[in-house]
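Trainee: here's my sequence, what's the structure:
(chains A and B)
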Amino acid sequence: MQPFTTLTSCTVVLPAANIDTDQIIPARFLTTTTRAGLGAHLFADWRYDERGMPRPEFVLNRPESAGCRILVAGRNFGCGSSREHAPWALLDHGFRAVVSTEIADIFRTNALKNGLLPVIVDEASSTWLLANPGVEVTVDLAAGTLTLPTGAKASFPIEAFARHCLLNGVDELGYLLSRGRAIEAYERRT
Amino acid sequence: MAAETAATPAVLYVDLHLVHEVTSPQAFALLRERGLRVRRPELTLATMDHSTPTRTAQVFGGAPIAIESAARQIRELEVNCAQFGVELLGLTSEQRGIVHIIGPELGLTQPGKTIVCGDSHTSTHGAVGALAFGIGTTEVGHVLATQCLLQRKPRTLAIEVEGGLRPGVTAKDLILAIIGRLGVGGGTGHVIEYRGSTVRALDMDERMTVCNMSIEAGARAGMIAPDETTYAFLAGRPRAPRGAAWERAVSEWQALPSDPGARFDREVRFDAGAIEPMITWGTNPGMVVPVTGAIPSQGSDAVFARALSYMGFEAGQPIRDRPVNVVFIGSCTNARLSDLRSAARVLRGRHIARGLTMLVVPGSQQVKRQAEAEGLDRIFIEAGAEWRESGCSMCLGMNGDTVARGEYAVSTSNRNFEGRQGAGARTLLASPLTAAASAVRGRVTDPRELL
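Mentor: Alright, predicted model coming up:
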C-alpha cells in the first residue's frame, strides 16, 4: 500500500447525502475478478447517459475536476453494500481522500485498507466545503487535520492502528500474520 | 482472541467464514501473491449466488450462462475452492442457495458464533444470536489467511418492540418502519439488539428478515437473543451439533442473552400495534411510508427532490394505486419458505395483472424443493408468475435478471437505490404479502384488501 502522509489537492463536490455503493459502482460491473480498471465505471449511471456518452453537467466530467484527489460528499457516504470495488474505483480514478460528516462503516473500513483516507469532519467545515467546490485543501494524516483555504483547520478522528498502517504504507495482514503463535494458542484452547 | 488496546484493535477469531463468487476472487489472488494457504478450510464454506443464472436450462441443462464475465467469475470460484481446499456448494449442488439462507438452513449459523462474509447482509445470521457482519474483500483475505480480523468494539443500540403485529403486517413491515424512523445512517457505528415481546414472538424466518436489513439503517450487525424458538429451529439440522454435543451447546447458548438491566449506548422503542404494511417510495430504504399513506409532501433537501424525480412521483401523492410493471419475490430478505407461503396465500386462485411480469426466486434449492412439495410452484405458475432456480437474482440484477429503465418494481428485496435492479429501474420495497397483492392488481395494493 502507498503511504499516506499529507495531501494538498483541489476538491470535487458531490453534495447529496447517503451516496450508496450502488451509485459509486453499479452491480453490473462487479463480475470482474481483478481490481484493475474500475475507475472507468466510477459513478457510471451519473456520469454517462443511456448510450454511454458522458453527461457534461456531471461534476466528474467537468474540466476543473481533472486531477482533483479529494472527494467531498454529503452525510453518510458509502452506505449500502460491502463491495470493496467502491474504494477501488475511487482510487483508480485518482481519489486519495473522501470528506464527509459521516462515512458508512463497511465503506470506511474498506477505504482504510486500500489507502483511501476517510476524513470525517464537523458540520460547519463540511457545509463550507460543500458550498465552495474546487478549493484547494490540505489533509495532514499525522496531525489529523484538514486545512481550508481560509486557514481554518478541522480535525478528524482516525483509528490509531489504521493511521499507523497508512502513514507507513504497511497493511494489516502482516500484523495478523505476526500474531500466528497467539492464534495457534487460542485454537488449542478452544 | 486478543482484546483491543489504545494502539491496536482487538483480534477477533472468526468461527464461520462464508464465501461467494463476487467478493472473493481478489482475496484468493492475494493469498497466491503472498504464498499463503487457507488457515481453517473446515471453518470456511463457499457457494455461488450473486452472478448465477436462475433459468433451469442454464443451471442444470448445460445451456451457456448469458453473461460471459459472470460465467468466468463462477469458474474462478470453482478453481479457487479446489486449489485452496475450501468446500464449495456449487452451481448444481442441492444445498446451494443465497449464502445467508443456506447458513441457517444447514445449521452452520449458530448462537454465539462470530460469522463473517464479504456481503453486507451477513447481519442476517444475527437472528440466531450470532455476531455476524459483512466485510470487504481485503478482510476476506485476512480471514482466509489467519482466521482473524482486526476490530474495534462497536457501540450498542437496543431496539425494543412491544405488542402484537396486526393482521397483514409482517416482519418486513416492522424492519422498514424501524429504518424509516432511524434513517439509513441512524445505526452507523452500532450493533443492534432487537428485543421486546414482538421480537420474542417472531419465528426464525421473520427474525432473519429483521436482522437482514440492519445494515440498511447503517448497523453492520443486528442480533436477537437465542431462545427456545432458536433451539427448535436448529435442532436436527445437518450441520448443527448432535447428541451430547447438542446438549452442551444449548447450555452454552443459554448463557448468551444480555443480562437483565444491561445498559446500551442508545435505546429506541417501537409500538408494534401502530405499524401498518410499509412500502418505500424513494431511493433509499429509509424513504418509506405506510401503504395507506402518501409520499411526503416536503423533504429537507435536494436529496428529496432528486428521489421524487428519479421515481417519477409527486410530493403528497398517495402511494396506493401507483402502477407496477414488475414484482419480485426473492432475496436474502424474503425468499425463505414462509415468505413464499405468504405470497402464495394471496395468489392462490388469482392471476397477476395483464402486462405485469412476476419473478419468484426461492432463496435456496432446498426452499425450492420444499415449496414444490407443498405445491406453491403451481400456485405461482398458474397465477402467471415465473418460477426460477435460487439466487440473488433481481435484487441486484448481476445475473441479468433486471428491471427495465423507467419501470416500477415492487420487490421483497432490501435496497431501492437508484439503478439497484437495473439501470434506471424504480424499486418499491415491500413484504411478500404487499408484493403479491400488488401483482394481482398491477398497482400498489394494501394486502389486507386481498386476505
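Trainee: list the contacts for residue B:294?
Mentor: B:316-319 (C-beta atoms under 8 Å, 6 or more residues apart in numbering or on different chains). To be clear about C-beta, it is placed using only N, CA and C from the backbone, and glycine gets the same treatment.
Trainee: likewise residue A:167?
Mentor: Going by C-beta under 8 Å, 6+ apart, the list of residues near residue A:167 reads A:3-5, A:141-142.
Trainee: the stretch 51-200 of chain B: strands as residue ranges?
Mentor: Taking DSSP state E, counting those that start in this stretch to define them, one finds strands in the stretch 51-200 of chain B at B:87-89, B:114-117, B:131-134, B:148-151, B:155-162, B:190-195.
Trainee: which among the contacts of residue B:294 gets closest to chain A?
Mentor: residue B:319 (20.2 Å; C-beta to the nearest C-beta).
Trainee: isn't that closest one up against residue B:291?
Mentor: Yes - in this structure, residue B:319 is within contact of residue B:291 by C-beta atoms under 8 Å, at 6.4 Å.
Trainee: show the contacting residues for residue 40.
Mentor: Looking at chain A here, since you left the chain open. Going by C-beta under 8 Å, 6+ apart, the list of residues near residue A:40 reads residue A:92.
Trainee: wait, I meant chain B there
Mentor: By C-beta under 8 Å, 6+ apart, the contact set of residue B:40 is B:17, B:147.
Trainee: which regions of chain B sit below the pLDDT cut-off?
Mentor: Residues of chain B meeting the criterion pLDDT under 70: B:299-300.
Trainee: could you list the domains of it?
Mentor: Recorded structural domains for chain B (assignment: automatic domain parsing) are B:10-151, B:155-273, B:284-449.
Trainee: related to what we said a few turns ago, just the buried ones from the contacts of residue B:294, in PyMOL syntax?
Mentor: A single PyMOL command suffices to select whichever of those are buried according to 16 or more other C-beta atoms under 10 Å in any protein chain shown:
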select buried, chain B and resi 319
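Trainee: and the nearest residue to residue A:29 once chain neighbours are set aside, what pLDDT?
Mentor: The shortest distance from residue A:29 to any non-neighbouring residue, by C-beta to C-beta, 6 or more residues apart in numbering or on different chains, is to residue A:41 (4.3 Å). On the pLDDT scale, residue A:41 is placed at 98.
Trainee: of all the strands of the stretch 51-200 of chain B, which one is nearest residue B:425?
Mentor: strand B:131-134 (23.2 Å; C-beta to C-beta).
Trainee: going along the chain, name the strands of chain A.
Mentor: When secondary structure is read from DSSP state E, chain A shows strands at A:6-14, A:70-73, A:97-100, A:117-120, A:136-140, A:145-147, A:153-155.
Trainee: make a markdown table from the ones you listed and add mean pLDDT, distance to chain B and mean neighbour count to it.
Mentor: Output for those, formatted as a markdown table (pLDDT from 0 to 100; distance: least, C-beta to the nearest C-beta, whole Å; neighbours: other C-beta atoms under 10 Å in any protein chain shown):
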| stretch | mean pLDDT | distance to chain B | mean neighbour count |
| --- | --- | --- | --- |
| strand A:6-14 | 98 | 11 | 18 |
| strand A:70-73 | 98 | 12 | 26 |
| strand A:97-100 | 98 | 10 | 25 |
| strand A:117-120 | 98 | 10 | 23 |
| strand A:136-140 | 98 | 20 | 18 |
| strand A:145-147 | 98 | 20 | 19 |
| strand A:153-155 | 98 | 18 | 16 |
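Trainee: any chance of those strands in CSV, plus distance to residue B:137?
Mentor: Shown next, in CSV, are the strands of chain A (distance: least, C-beta to C-beta, whole Å):
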stretch, distance to residue B:137
strand A:6-14, 24
strand A:70-73, 21
strand A:97-100, 18
strand A:117-120, 17
strand A:136-140, 25
strand A:145-147, 28
strand A:153-155, 31
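Trainee: check which residues of stretch B:49-65 are buried.
Mentor: Neighbour-count burial for stretch B:49-65 [16+ other C-beta under 10 Å]: B:49-55, B:58-59, B:65.
Trainee: got it, and stretch B:253-265?
Mentor: B:253, B:257, B:264.
Trainee: would you agree residue B:267 falls within a strand?
Mentor: Yes - according to DSSP: H, G, I helix; E, B strand; the rest coil, residue B:267 belongs to a strand.
Trainee: how many neighbours does it have?
Mentor: 13 (other C-beta atoms under 10 Å in any protein chain shown).
Trainee: check contacts around it.
Mentor: Taking C-beta under 8 Å, 6+ apart as the test, what residue B:267 contacts is B:157-160.
Trainee: which among those residues gets closest to residue B:406?
Mentor: Using C-beta to C-beta, the contacts of residue B:267 come closest to residue B:406 at residue B:159, 36.1 Å.
Trainee: who are the contact partners of the closest one?
Mentor: Residue B:159 touches B:178, B:192-196, B:267-268, B:270, counting by C-beta under 8 Å, 6+ apart.
Trainee: quick one: it from residue B:199, how far?
Mentor: Separation of residue B:159 from residue B:199 (C-beta to C-beta, to the nearest Å) stands at 8 Å.
Trainee: swap in residue B:116?
Mentor: 24 Å.
Trainee: again, but for residue B:131
Mentor: 17 Å.
Trainee: likewise for residue B:449?
Mentor: The spacing between residue B:449 and residue B:199, counted by C-beta to C-beta, is 28 Å.
Trainee: more neighbours, these two?
Mentor: residue B:199 (24 against 12).
Trainee: surely residue B:341 touches residue B:376?
Mentor: Yes - in this structure residue B:341 lies within contact range of residue B:376 using C-beta under 8 Å: 6.6 Å.
Trainee: which one's more surrounded, the two?
Mentor: Counted by other C-beta under 10 Å, residue B:341 and residue B:376 do not tie: residue B:376 has more neighbours, with 24 against 16.
Trainee: once you drop chain neighbours, what's closest to the more buried one?
Mentor: Closest to residue B:376 by C-beta to C-beta, 6+ apart is residue B:344, at 4.6 Å.
Trainee: what sits against the one you found?
Mentor: By C-beta under 8 Å, 6+ apart, the neighbours of residue B:344 are B:376, B:379-380, B:436.
Trainee: who wins for neighbours among the residues you listed?
Mentor: In terms of neighbour count, residue B:436 stands highest of these at 32 neighbours, by other C-beta under 10 Å.
Trainee: for that one, which residues are in contact?
Mentor: Counting by C-beta under 8 Å, 6+ apart, residue B:436 has contacts B:327, B:329, B:342-347, B:447, B:450.
Trainee: can you tell me which of the residues you listed are in helices?
Mentor: Among the contacts of residue B:436, the members falling in helices (DSSP state H) are B:342-347.
Trainee: how much space between residue B:134 and residue B:64?
Mentor: For residue B:134 relative to residue B:64 (C-beta to C-beta), the value is 31 Å.
Trainee: can you pull the pLDDT of the closest residue to residue A:126 other than its chain neighbours?
Mentor: Closest residue in space to residue A:126, ignoring its immediate chain neighbours: residue A:101 at 4.7 Å, by C-beta to C-beta, 6+ apart. Note on residue A:101: pLDDT of 98.
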